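Peer 1: can you look at this prediction? I've put the sequence above it.
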Amino acid sequence: MNPVESRVAANHLHHHVLTWNDAERAEPTIVLLHGFLDMAWSFRDLANLLADAGHRVVAFDFRGHGESEWVGHGGYYHFADYVLDLDELLPKIAPTPVHLVAHSMGGSVAALYAASRPAMVRTLTLAEGLGPPEHPTSFAIDKMRAWLDGVARVRQASLKPIASIEEAFMRMRVQNPQLPEELGLFLAEKGTRELQGGGRMWSFDPLHRTTSPTLFRRDVYDAFISSINMPTLLIRGEHGYRTPDDDERSAVVPNATMATIKGAHHMMHWTHAPDFARLILDFIHR
C-alpha cells in the first residue's frame with residue numbers, strides 16, 4: 001500500500017507527513033513517531049501491516065529530519081520543541097484520541113506528550129523509548145562546552161558528499177548489520193538528497209550531530225512517566241538499547257505491559273516489523 005504524502009504546517013515549520021489507509025471507515029488512527037536521525041519512511045513495512053489490519057496510519061518527520069523543514073538560522077533542536085511540534089501537528093493529521101506508537105527518541109517525546117495531553121492519546125506504545133542515560137549535575141559545564149564546540153564545528157565544516165545511494169546504505173549497515181538490503185537501499189534513497197555538483201548528502205540537519213546542552217534528569221522525567229494514565233505497552237528488542245536503570249524506569253510507568261521481540265536489536269521496526277505489528281495490534285485491540 002502506497003502512502004499519501006503531504007506537508008502540514010505546525011509550530012511555524014512544514015512537516016512531511018505520510019498517511020496509509022486514509023479511509024473513512026478505518027479503525028482509530030495509529031500515529032508513528034520515529035527516533036533520532038530516522039524518518040517516517042522507516043516505518044514503511046510496519047505501517048503497511050497495521051494498515052492491512054484496518055487501521056489508518058500516520059507517520060511524520062520530526063523537524064530537521066527526513067523531508068521536514070530545518071529550524072534555520074539561529075535555531076536549535078531543544079527537546080521541548082519536538083513536544084510542541086507534536087502538540088500542534090497531531091490535531092491536523094488525525095482524529096483524536098490516537099494510538100501513539102513511538103520509537104527511541106520519539107518515545108521520549110511521546111511520553112512527555114502523553115503525560116501533558118492525556119485526552120489526546122488512547123493508548124501509548126514505547127519501543128525502547130524511555131529516555132537517554134542520566135548524567136550527574138557535575139557534567140553540566142562539560143555538556144554546555146561540548147555543545148558550543150559542536151555547533152562551531154558543524155558551522156565550519158565543509159560538505160563531504162556521499163558518492164551514491166549504495167554507499168549511504170553501506171554506512172547505515174555499519175551500525176545496523178541486520179538491515180535488509182531492499183529496505184536499506186530504499187531508506188538510503190529517502191534519507192539522502194541529491195547535490196547539484198554530484199553525490200548526495202544526508203537529509204537531516206547536521207546540527208543533530210551535536211550534543212544537547214541540557215542534562216537529562218531522571219527525577220523530572222519520572223514525574224512525567226509516573227502520571228501516564230492510558231494503557232501503555234513497553235517494547236524491548238532482545239539485543240536492543242538499555243540504560244543502566246531501564247528496569248527502574250519501566251517500573252515507574254503505571255500499569256505498563258512489557259514485551260520483548262526475540263532476536264531484535266534497537267531498530268526493530270526495520271528488521272522485525274511483523275512481530276512489532278503483532279504486539280501493537282494485540283495490545284490496542286485488547
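Peer 2: Arrived safely. Numbering: from 1, shown residues only.

Peer 1: now do the same end-to-end measure for stretch 1-12.
Peer 2: Terminal residues of stretch 1-12 lie 31 Å apart, using Cα to Cα, to the nearest Å.

Peer 1: hmm, I was thinking of stretch 179-195
Peer 2: End-to-end distance for stretch 179-195: 25 Å, by Cα to Cα.

Peer 1: list the buried ones in it?
Peer 2: For stretch 179-195, burial by neighbour count (16 or more other Cβ atoms under 10 Å) applies to L179, L183, G184, L185, F186, L187, A188, K190, G191, T192. The way it works is simple: take the backbone N, C-alpha and C, and place the C-beta from them, glycine included.

Peer 1: mind listing which of those are in strands?
Peer 2: Among those, DSSP state E puts T192 in strands.

Peer 1: could I get the buried residues of stretch 179-195 as JSON lines with distance to G263 and pLDDT?
Peer 2: Output for the buried residues of stretch 179-195, formatted as JSON lines (distance: Cβ to Cβ, whole Å; pLDDT from 0 to 100):
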{"residue": "L179", "distance to G263": "14", "pLDDT": "94"}
{"residue": "L183", "distance to G263": "16", "pLDDT": "97"}
{"residue": "G184", "distance to G263": "18", "pLDDT": "97"}
{"residue": "L185", "distance to G263": "22", "pLDDT": "97"}
{"residue": "F186", "distance to G263": "22", "pLDDT": "97"}
{"residue": "L187", "distance to G263": "20", "pLDDT": "97"}
{"residue": "A188", "distance to G263": "23", "pLDDT": "97"}
{"residue": "K190", "distance to G263": "25", "pLDDT": "97"}
{"residue": "G191", "distance to G263": "24", "pLDDT": "97"}
{"residue": "T192", "distance to G263": "29", "pLDDT": "97"}
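
Peer 1: state the distance from L124 to W41.
Peer 2: 23 Å (Cβ to Cβ, to the nearest Å).

Peer 1: which one's more surrounded, those two?
Peer 2: Each of L124 and W41 has its neighbours counted (other Cβ atoms under 10 Å); L124 has more, 29 against 22.

Peer 1: other residues contacting the helix or strand where the more buried one lies?
Peer 2: Using DSSP states H and E, L124 falls within strand 121-127. Residues outside strand 121-127 that contact it (Cβ atoms under 8 Å, 6 or more residues apart in numbering) are 28, 97-104, 107, 110-111, 113-114, 228, 230-236, 268-269, 276, 279-280, 283-284.

Peer 1: walk me through which strands that strand pairs with, and which way each runs.
Peer 2: strand 98-103 (parallel), strand 232-237 (parallel) (DSSP bridges).

Peer 1: tell me which of those strands sits most buried.
Peer 2: strand 98-103 (a mean of 27; mean count of other Cβ atoms under 10 Å).

Peer 1: and the contacts of that strand?
Peer 2: With Cβ under 8 Å, 6+ apart, strand 98-103 has contacts from 28-35, 38, 55, 90, 109-111, 113-114, 120-129, 268-269, 280, 284.

Peer 1: what's the span of stretch 243-256, first residue to last?
Peer 2: End-to-end distance for stretch 243-256, by Cα to Cα: 18 Å.

Peer 1: buried residues, that stretch. List them.
Peer 2: Those would be T243, D246, R249, S250, V252, V253, A256, for stretch 243-256 by 16+ other Cβ under 10 Å.

Peer 1: what sits closest to the second one if chain neighbours are left out?
Peer 2: Nearest in space to D246, with sequence neighbours left out and distances taken as Cβ to Cβ, 6 or more residues apart in numbering, is L130 at 6.6 Å.

Peer 1: the first one too?
Peer 2: The spatial neighbour of T243 that comes closest, neighbours along the chain excluded (Cβ to Cβ, 6+ apart), is P133 at 5.0 Å.

Peer 1: can you give me the buried ones in stretch 26-41?
Peer 2: Those would be 26-35, 37-41, for stretch 26-41 by 16+ other Cβ under 10 Å.

Peer 1: quick one: pLDDT of A23?
Peer 2: Note on A23: pLDDT of 79.

Peer 1: just give me the neighbour total for the closest residue to it other than its chain neighbours.
Peer 2: Distance criterion Cβ to Cβ, 6+ apart; nearest residue to A23, sequence neighbours excluded, is R56 at 6.7 Å. Using other Cβ under 10 Å, R56 is surrounded by 22 other residues.
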